[in-house]
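In: Quick one: sequence plus predicted model below, questions after.
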Amino acid sequence: MIEAMRQEARQLFEVAVAAADPGRATRRALAAAPVTGARVWVVAVGKAAWAMAAAALEALDRPVTGAIVVTNAENAAPLAGAEVHVAGHPVPDAGGLRASEAVEAMLARTGPGDVVLALISGGGSALLPAPVAGVTLDDKAAASRLMLGAGLDITEMNSVRQHLSRLKGGGLAQAAAPARVVALILSDVIGDDLRAIASGPTVAPICSRSAARALLQDRGLWEPMPASVRAALEREGDDAPPPAAENRLIGSNRMSLDAMVAESGAEIWSDRLTGDVGDAADWLVGRIRAAPPGRAPALCGGETTVSLRGQGRGGRNQELALRVAAGMAGVARPWVFLSGGTDGRDGPTEAAGGLVDGGTLERIAAAGGDWRALLEDNDSHRALGLSGDLLVTGGTGTNVADVQIVILG
């Protein structure tokens, strides 16, 4: 029974990923509202950038004047008619810096009557760093690591990143002026705040510099930040809004949840499972333990955060799965729990997340592991590797945050 339940959870995860297929969503959007201009330029950035660009280049009714794709290594491949750049994620690297400079150089060639088609997906914030004057790439990387380690959520992180980059917070739209900008956006942000997705290259910033400073101060991160980052956030600047762009949302976490409901008749327990991973696990365990008889799947969508304490490897989905397995210890009713990133990558590992059941803790012990010590060391990857419960999909070419699937016997 358990193996069949695990297979059902895995198949539903595949439904969620397929519903966020970036190529299909891009083609649908361009068919509904074709993009025309004197010249057409394409900038695609994010984990789904390659698939979105490939679909756009095929769907547009004319050759583009220029096209640049910026994505992570796992989703990169040559693409006829486009210049493909590989950049680092989640910490920005030199590849992202070169990509940013290439994008700015191309946008400088646009003119009145042109249209820039911006194809934006999750991951774009780290992939297109373009640090402001005085801030080095190493400084930006250090800031990202500090915020990741402190458990800031994606909106909080991007509210800071926007003020450290020339292309975020409307910077891409500004660089493209006077060309018209049309943005097709695949959301990895719960609630679909366009300002937070890839740090909003075609929309106004989430907050002011002073609010970003206050956030870091409140979280104890202001003093540890590189001096150049603090200086950039203290700098007086032009708060005028960027040029208006036409922003279209073409895919989201909620759309993936709805696709799983249509496939299985599942109940959505939450479409905003966010916050500390430990709190999320406690809430899930309570819901699972209290669930009435019946095998209809239950679903959640969101993106939790992990506060790093140890030196182990893992990610929010793997740690959530391990914590749920711990919380369900002793429950006789058959159960399966999957938590996975729709991009196929959870933290700095090859896994998308975890797929656990009532035998997980026993299998860890049988393989010589101590799940409590591993969890304390933030080493959920090793723990789930010992139990054979890693969810490994490879890069999916899309990114609409995380989904969780509960199957009960």
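Out: Okay, I see it. Residues are numbered from 1 along each chain as shown.
In: From here on, just use CA atoms for contacts and neighbour counts.
Out: OK.
In: Leaving aside the residues adjacent along the chain, what's closest to Ala102?
Out: Ile68 (7.9 Å; Cα to Cα, 6 or more residues apart in numbering).
In: ok, residues contacting the helix or strand hosting that neighbour?
Out: In this assignment (DSSP states H and E), Ile68 forms part of strand 66-71. Contact with strand 66-71 is made by 40-50, 53, 81-87, 96, 99, 102-103, 106, 124, 127-128, as judged by Cα atoms under 8 Å, 6 or more residues apart in numbering.
In: any weak-confidence spans in the chain?
Out: Along the chain, the parts satisfying pLDDT under 70 run over 237-239.
In: How is it partitioned into domains?
Out: Using automatic domain parsing, the domain parsing of the chain gives 2-16+254-408, 21-251.
In: and those domains as a markdown table, adding mean neighbour count?
Out: Formatted as a markdown table, the domains of the chain follow (neighbours: other Cα atoms under 10 Å):
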| stretch | mean neighbour count |
| --- | --- |
| domain 2-16+254-408 | 20 |
| domain 21-251 | 21 |
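In: just checking, what packs against the top strand by length along the chain?
Out: With DSSP state E setting the assignment, residue counts place strand 267-276 as the longest strand in the chain. Under the contact criterion of 3 or more Cα pairs under 8 Å, 6 or more residues apart in numbering; DSSP states H and E, strand 267-276 touches helix 253-264, strand 298-305.
In: The first one - contacts with which helices or strands?
Out: Applying 3+ Cα pairs under 8 Å, 6+ apart, one finds that helix 253-264 contacts helix 2-19, strand 267-276, strand 298-305, strand 402-408.
In: Out of those, which is closest to Val203?
Out: Shortest distance between Val203 and those, using Cα to Cα, is found for strand 298-305: 22.2 Å.
In: what residues does that closest one touch?
Out: Identification of contacts with strand 298-305 by Cα under 8 Å, 6+ apart yields 151-153, 189-190, 253-254, 257, 266-277, 280, 316-317, 401-407.
In: helix or strand right after that strand?
Out: Following strand 298-305 in sequence order, the next helix or strand is helix 316-327 (DSSP H and E).
In: Return the strand holding Ile68 as CSV; C-alpha atoms alone will do.
Out: What follows is strand 66-71, C-alpha atoms only, in CSV (Å, rounded to 0.1, in the frame of the first residue of the first chain):
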residue,chain,number,x,y,z
GLY,A,66,18.4,40.5,-30.4
ALA,A,67,17.8,37.9,-27.7
ILE,A,68,19.6,37.1,-24.5
VAL,A,69,18.8,34.2,-22.1
VAL,A,70,20.1,34.1,-18.6
THR,A,71,19.6,30.9,-16.6
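In: Return the list of strands paired to it, each annotated with direction.
Out: Using DSSP bridges, strand 66-71 pairs in its sheet with strand 40-45 (parallel), strand 83-86 (parallel).
In: now the helix or strand following the longest one against strand 66-71, angle please.
Out: To tie it back to what came earlier, the one meant is strand 40-45. Next in sequence after strand 40-45, counting helices and strands by DSSP H and E, comes helix 49-59. Going by axes from the mean of the first three to the mean of the last three Cα atoms, to 10 degrees, helix 49-59 is angled at 150 degrees with respect to strand 66-71.
In: so which of the strands paired with strand 66-71 gets nearest Val331?
Out: For the strands paired with strand 66-71, proximity to Val331 was assessed by Cα to Cα; strand 40-45 is nearest, at 44.8 Å.
In: Dump the C-alpha coordinates for the longest strand of the chain into PDB.
Out: Provided in PDB are the C-alpha atoms of strand 267-276 (Å, rounded to 0.1, in the frame of the first residue of the first chain):
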ATOM      1  CA  GLU A 267      -8.400  19.200  -0.900                       C
ATOM      2  CA  ILE A 268      -6.200  22.300  -0.600                       C
ATOM      3  CA  TRP A 269      -5.200  22.800   3.000                       C
ATOM      4  CA  SER A 270      -3.200  25.900   2.400                       C
ATOM      5  CA  ASP A 271      -2.000  27.900  -0.600                       C
ATOM      6  CA  ARG A 272       0.200  30.000   1.600                       C
ATOM      7  CA  LEU A 273       2.400  27.600   3.600                       C
ATOM      8  CA  THR A 274       5.200  30.100   4.500                       C
ATOM      9  CA  GLY A 275       7.300  31.100   7.500                       C
ATOM     10  CA  ASP A 276       9.600  29.000   9.600                       C
END
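In: State the next helix or strand along the chain beyond that strand.
Out: Beyond strand 267-276 toward the C-terminal end (DSSP H and E), the next one is helix 277-290.
In: which helices and strands sit right next to that next one?
Out: With contacts taken as 3+ Cα pairs under 8 Å, 6+ apart, helix 277-290 sits against strand 298-305, helix 316-327.
In: Make JSON lines from the ones you listed and add distance to Leu391 to it.
Out: Shown next, in JSON lines, are the helices and strands packed on helix 277-290 (distance: least, Cα to Cα, whole Å):
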{"stretch": "strand 298-305", "distance to Leu391": "17"}
{"stretch": "helix 316-327", "distance to Leu391": "9"}
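In: Out of those, which gets nearest to Gly354?
Out: Of those, nearest to Gly354 by Cα to Cα is helix 316-327, at 4.9 Å.
In: name the helices or strands packed onto that closest one?
Out: helix 277-290, strand 298-305, strand 335-341, strand 353-357, helix 360-366, helix 371-376, helix 380-387.
In: What is the neighbour count of Asn253?
Out: Residues contacting Asn253 under the criterion other Cα atoms under 10 Å number 31.
In: which residues touch the residue nearest to it when sequence neighbours are not counted?
Out: Residue nearest to Asn253 in three dimensions, not counting chain neighbours: Val400, with 4.9 Å by Cα to Cα, 6+ apart. Val400 is in contact with Ala20, Gly122, Leu186, Ser187, Asp188, Val189, Gly251, Ser252, Asn253, Gly341, Thr342, Asp343, counting by Cα under 8 Å, 6+ apart.
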